[in-house]
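**Q** Could you work out the structure for the sequence below:
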Amino acid sequence: MFEECLPLREVLARYSGGPQTGVFTDGSARPNPGPGGWGVVHVVNGEILHQSHGHEPDTTNNRMELTALITALKMLTPTDDIQVFTDSELCVKSITQWAAGWEKRGWKRKDGPIKNVELVKELYYLSKERPKVKLTWIRAHDGSLWNEYADALSTAWCRKEL
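**A** Down below sits the predicted model:
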């Protein structure tokens, strides 16, 4: 069903690479659109401070990626200075490159409506309230422990074991 759909214990046993501090997020839907989930894990020096995940019965992968990022930023305070990692390049570009222009144009794109605009707006405003938080793209499925862990949280709904 999913690329791996591993439980958390197997992710921890299999992977060790990548950054060891940050907030890692992921979202998924299979099929897309279809059932999906999101996951977030906040880690400092390899120690989990907080994790969260959720599920929607009918969604898209982009909605779940945005939901994970919104959840991540809500975990943080306006003074936190930390990287938030996502493997969604679309989400990073939407918030760091395009959202300011969309806001100036009344949340419209030059060539049509913005998909998931309510989630994009919420994430954009949360990111503006947390200026020291750096939204960072990370390659998916490259062995980064905490990105794989966030992926496992996002697919938890498809397994009996977290």
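**Q** chain center to the strand or helix carrying residue 123: distance?
**A** Assessed by DSSP states H and E, residue 123 sits inside helix 117-129. Relative to the centre of its chain, helix 117-129 is centred 13 Å away, using Cα atoms, centre = their mean, to the nearest Å.
**Q** Excluding chain neighbours, what is closest to the spatially most central residue of the chain?
**A** By Cα atoms, centre = their mean, the mean C-alpha position of the chain lies nearest to residue 25, the distance being 3.2 Å. Of all residues not flanking residue 25 in the chain, residue 68 sits nearest, at 3.8 Å (Cβ to Cβ, 6 or more residues apart in numbering). C-betas here are computed from N, CA, C, even on glycine.
**Q** what about the one you found, how many neighbours?
**A** A total of 31 residues lie near residue 68 under the criterion other Cβ atoms under 10 Å.
**Q** helices and strands around the helix holding residue 123, which ones?
**A** Counting by 3 or more Cβ pairs under 8 Å, 6 or more residues apart in numbering; DSSP states H and E, the packing neighbours recorded for helix 117-129 are helix 61-75, helix 99-104.
**Q** again, 7 Å this time
**A** helix 61-75 (3 or more Cβ pairs under 7 Å, 6 or more residues apart in numbering; DSSP states H and E).
**Q** buried residues in the helix it packs on?
**A** By neighbour count on 16 or more other Cβ atoms under 10 Å, the buried set for helix 61-75 is 61-73, 75.
**Q** cool, and stretch 74-87?
**A** Neighbour counts over stretch 74-87 (16+ other Cβ under 10 Å) mark 75-76, 82, 84-87 as buried.
**Q** Repeat that for stretch 128-136.
**A** Neighbour-count burial for stretch 128-136, counted by 16+ other Cβ under 10 Å, picks out 130, 133, 135.
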